[in-house]
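Undergrad: Sequence first, predicted coordinates after that:
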Amino acid sequence: MSLGLQDRRDVSFLVRDVLKVDRLFETAQFEGQSWETFEMIMDSALKQAEALLPTNVDGDREGLKFEAGAVTTPESFKAAYKSFCEGGWIGLTEPEDLGGFNLPKSLAVLPQSALIGANVAFYILPGLGHGAADLIAHAGTKQQIKRYVPKLLSGEWGGTMCLTEASAGSDVGALRATAKQQPDGTWHITGTKIFISWGEHDLSQNIVYPVLARVEGDPAGTRGISLFLVNKYQLDEKGRLGARNGVVCTGIEHKMGIHASPTCTLAFGEDAPAVGELIGEQRKGLAAMFKMMNTARIAVGLQALGVAEAAYRYAHQYALDRVQGVAPKDMRDPQAKSCAIIKHPDVRRMLMDMRGYVEGVRALLSYASLQQDLVAAGQEPERNEAMAGLLTPLCKGYASEVCYQAVSDSILVLGGHGYLSDHPLEQNLRDMVIARLYEGTTGIQALDLVARKLGLAKGASLKDLLGRMSETIAEAKAEGLAELAGVMEKTRDSLGLVAMKLGEGFAKGDVDGVFLQATPMLMLTGDAVLSWLHLMMAVAAKRVEKRAVFHDNKIATAQHFIINAAGRIGGRVKAMLANDKAAMEMKFEGEDEV
Ligand SMILES: Cc1cc2nc3c(=O)[nH]c(=O)nc-3n(C[C@H](O)[C@H](O)[C@H](O)COP(=O)(O)OP(=O)(O)OC[C@H]3O[C@@H](n4cnc5c(N)ncnc54)[C@H](O)[C@@H]3O)c2cc1C
């Protein structure tokens, strides 16, 4: 038996029985979508993912070649990219008139996470193509949309996002790249961007660089940033590719994981002008780029989920096959046969932890995306937009942390064998680390949650979240899940309490105290939200008339997650309320000199 990359049954249960995504099919925005279409897409995504899987190993072991400004990808990537583009995967959620499928995002995240789980390094390229297309569709002129979006969605042109510079990492506002308008209306961009994923490669005909830069004379900081589109090849007035533009890849990084994803240093306007065009309004570049960054943050959550689910399922399979030791019930029997390691309580505990994270993060990503779908369908747009915003740092920051933990535990399930490259898990772990770092580290996501999202509109979206939790608690009580509902009530109250204390800290001007608690708060909020979503899944499982083992397993997973999360949350609340400042009072050796 092979468990494959994704739990198809859990996917269907989530979107059909729990989130009831078919309510979108009745809206004008998603007219024509149906469960038949979705199941067809899932079938073919899983086939595509299985076909992609061998390229994951090639990419890791063969890696990339860099010579004279050109990057050569592993041989197997060429056919994989062609087949991926022909499958139409890049434009899954984009409008049909631009070459997409207009699939609701809450559904699209499911095939996408299976594809990402098959080969993260590869998937970053189509992910960036989609993100750039989405950005242009929202911020571009009609002509820019027509020129760029269909080509990015078909994969003929690759996408990138160019923010980071040597002195502008987390602090994007510190960037030094400049832009100068030319008499013909075009712009010349000058500067060096580092760490640009898929900034150079041999898979697409052209590469589009959305670049953040400052027009000479515009204010310092984030207020003075504009967004430009630069192409690898210059475009004529009909959008046809011409001579090379003045953007050159001067090197690629050698790194811990995602070996097949080129991480490029790009020099703009060094030996020849890098000709670009403004997109959106001057000085409004960061707001436009945020569109792409938010899409990318969800995509990083999907990356974390895809890899964690593949790792969980591999470990689950191994635990069925590996025979070692005697089951506790037979410990006193000298004649007892050795058992499969899945019979050992500690292995079961690890598998349950992983399963709780995987199924919970899947629900989080689909639920957060559903809020965006509801906005697109015109249903309570302000409220649902705010909820999507509140959940985004969890989709990126919390999800990448707990999925990393899940992959790390998957190695433990295999014991010493998990450490070997005979199994995919050590690569999974190396590939997973980046999810905690790029698109804003976990610490930056935590600051977004604490300093912006929780307090927005006088805490209205937090109140909304607590209210949504209360609704599920009431439903759980009505379905005979009173004990779990009681634990969830305490979790909800803990979240409300620490959020209030952090708000009071801000009001008193204790910024250090609040920021010290930002990451614990991110993790506590994530645990609370996942507990709530697990409870929602348990309620839906209870309501199914023809119950199967699958439904009992959903309730068991919810029980394990909610009870263990309550333990973590209780500890965090105690530590957070202590408002300990030792980390600030500490005199680290050498800090007086910096
Ligand atoms: C493989 C890879 C691919 C990447 N791809 C891209 C890409 O395609 N496009 C792109 O533009 N960038 C890309 N990046 C860049 C990535 O987004 C940054 O590395 C990341 O945002 C962190 O910036 P930094 O590395 O300069 O770290 P720093 O900003 O120097 O941060 C170092 C540490 O300080 C903390 N820190 C910094 N500021 C604060 C603060 N105000 N409050 C609290 N803590 C803080 C951080 O959390 C972190 O722990 C990529 C990076 C890598 C490694």
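TA: It's in.

Undergrad: where's residue 194, which helix or strand?
TA: strand 187-197 (DSSP states H and E).

Undergrad: Next: residue 514.
TA: helix 511-516.

Undergrad: Against which helices or strands is the helix or strand just after that helix packed?
TA: Per DSSP H and E, helix 511-516 leads on to helix 518-543 as the next helix or strand towards the C-terminus. Packing partners of helix 518-543 (3 or more Cβ pairs under 8 Å, 6 or more residues apart in numbering; DSSP states H and E): helix 8-13, helix 345-376, helix 399-413, helix 442-447, helix 456-478, helix 482-507, helix 549-577. Where you see a C-beta, it was placed from the backbone N, CA and C, and this is true even at glycine.

Undergrad: can you give me the helices in the stretch 51-200 of the chain?
TA: Using DSSP state H, counting those that start in this stretch, the helices of the stretch 51-200 of the chain run over 75-86, 105-118, 120-139, 142-154.

Undergrad: how about those helices in CSV, adding distance to the ligand and mean pLDDT?
TA: Below are the helices of the stretch 51-200 of the chain laid out as CSV (distance: least, Cβ to the nearest ligand atom, whole Å; pLDDT from 0 to 100):
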stretch, distance to the ligand, mean pLDDT
helix 75-86, 17, 96
helix 105-118, 15, 96
helix 120-139, 7, 96
helix 142-154, 15, 96
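
Undergrad: quick one, which of those helices is nearest to residue 372?
TA: Across those, residue 372 has its closest neighbour in helix 105-118 (5.3 Å, Cβ to Cβ).

Undergrad: relative to helix 75-86, how tilted is that closest one?
TA: 170 degrees (axes from the mean of the first three to the mean of the last three Cα atoms, to 10 degrees).

Undergrad: now for helix 105-118, which elements pack on it?
TA: Right, helix 105-118 is packed against helix 35-62, helix 120-139, helix 285-321, helix 345-376 by 3+ Cβ pairs under 8 Å, 6+ apart.

Undergrad: Name the residues of the shortest one that are buried.
TA: Using 16 or more other Cβ atoms under 10 Å as the burial criterion, the residues of helix 120-139 that qualify are 120-137, 139.

Undergrad: one step back: can I get the helices and strands packed on helix 518-543 in a markdown table with distance to residue 290, mean neighbour count and mean pLDDT?
TA: Below are the helices and strands packed on helix 518-543 laid out as a markdown table (distance: least, Cβ to Cβ, whole Å; neighbours: other Cβ atoms under 10 Å; pLDDT from 0 to 100):
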| stretch | distance to residue 290 | mean neighbour count | mean pLDDT |
| --- | --- | --- | --- |
| helix 8-13 | 29 | 18 | 96 |
| helix 345-376 | 14 | 22 | 98 |
| helix 399-413 | 19 | 24 | 98 |
| helix 442-447 | 13 | 21 | 98 |
| helix 456-478 | 15 | 17 | 95 |
| helix 482-507 | 23 | 18 | 97 |
| helix 549-577 | 29 | 17 | 98 |
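
Undergrad: Please name every helix or strand in contact with the helix or strand following the strand holding residue 194.
TA: Later in the chain than strand 187-197, the nearest helix or strand by DSSP H and E is strand 206-215. For strand 206-215, the packing partners by 3+ Cβ pairs under 8 Å, 6+ apart come out as helix 120-139, helix 142-154, strand 157-159, strand 178-181, strand 187-197, strand 225-231, helix 285-321.

Undergrad: mind giving me the domain ranges of the protein?
TA: Residue ranges for the domains of the chain, per automatic domain parsing: 8-157, 158-284, 456-581.

Undergrad: Which among these is found nearest to residue 434?
TA: Per Cβ to Cβ, nearest to residue 434 of those: domain 158-284, 5.7 Å.

Undergrad: So for that closest one, mean pLDDT?
TA: Across domain 158-284, the average pLDDT comes to 97.

Undergrad: same check, this time on stretch 304-321
TA: Computed over stretch 304-321, the average pLDDT equals 97.

Undergrad: What residues sit buried inside it?
TA: Per 16+ other Cβ under 10 Å, stretch 304-321 contains these buried residues: 304-319.

Undergrad: Which one of the helices and strands packed on strand 206-215 lies nearest to residue 256?
TA: helix 120-139 (11.9 Å).

Undergrad: if we can go back for a sec, and the helices of the stretch 51-200 of the chain: which comes nearest residue 280?
TA: helix 120-139 (4.0 Å).

Undergrad: Between strand 187-197 and that closest one, find me the angle.
TA: 150 degrees.

Undergrad: Render the CA-only coordinates of helix 120-139 in PDB, please.
TA: Below are the C-alpha coordinates for helix 120-139, written out as PDB (Å, rounded to 0.1, in the frame of the first residue of the first chain):
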ATOM      1  CA  VAL A 120       9.100  22.900  -3.800                       C
ATOM      2  CA  ALA A 121      12.100  24.200  -5.600                       C
ATOM      3  CA  PHE A 122      10.400  23.700  -9.000                       C
ATOM      4  CA  TYR A 123       7.100  25.100  -7.900                       C
ATOM      5  CA  ILE A 124       8.500  28.400  -6.800                       C
ATOM      6  CA  LEU A 125       8.800  29.400 -10.500                       C
ATOM      7  CA  PRO A 126       5.200  28.900 -11.500                       C
ATOM      8  CA  GLY A 127       4.200  30.300  -8.100                       C
ATOM      9  CA  LEU A 128       6.100  33.500  -8.900                       C
ATOM     10  CA  GLY A 129       4.500  33.600 -12.400                       C
ATOM     11  CA  HIS A 130       1.100  33.400 -10.900                       C
ATOM     12  CA  GLY A 131       2.000  36.100  -8.300                       C
ATOM     13  CA  ALA A 132       3.400  38.500 -10.900                       C
ATOM     14  CA  ALA A 133       0.300  38.000 -13.100                       C
ATOM     15  CA  ASP A 134      -2.000  38.600 -10.200                       C
ATOM     16  CA  LEU A 135      -0.100  41.800  -9.300                       C
ATOM     17  CA  ILE A 136      -0.300  43.100 -12.800                       C
ATOM     18  CA  ALA A 137      -4.000  42.200 -13.100                       C
ATOM     19  CA  HIS A 138      -4.700  44.400 -10.100                       C
ATOM     20  CA  ALA A 139      -2.200  47.300 -10.400                       C
END
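
Undergrad: who does that helix touch, helix- and strand-wise?
TA: Using 3+ Cβ pairs under 8 Å, 6+ apart: helix 120-139 touches helix 35-62, helix 75-86, helix 105-118, helix 142-154, strand 157-159, strand 187-197, strand 206-215, helix 285-321.

Undergrad: Please repeat the previous calculation with a cut-off of 6 Å.
TA: helix 142-154, strand 157-159, helix 285-321 (3 or more Cβ pairs under 6 Å, 6 or more residues apart in numbering; DSSP states H and E).

Undergrad: Hmm, residue 25 and residue 33 touching each other?
TA: Yes. Shown here, residue 33 and residue 25 form a contact pair, counting by Cβ atoms under 6 Å, at 5.1 Å.

Undergrad: Which one of the two is surrounded by more residues?
TA: residue 33 (20 against 16; other Cβ atoms under 10 Å).

Undergrad: Since that was my last question, I'll sign off now.
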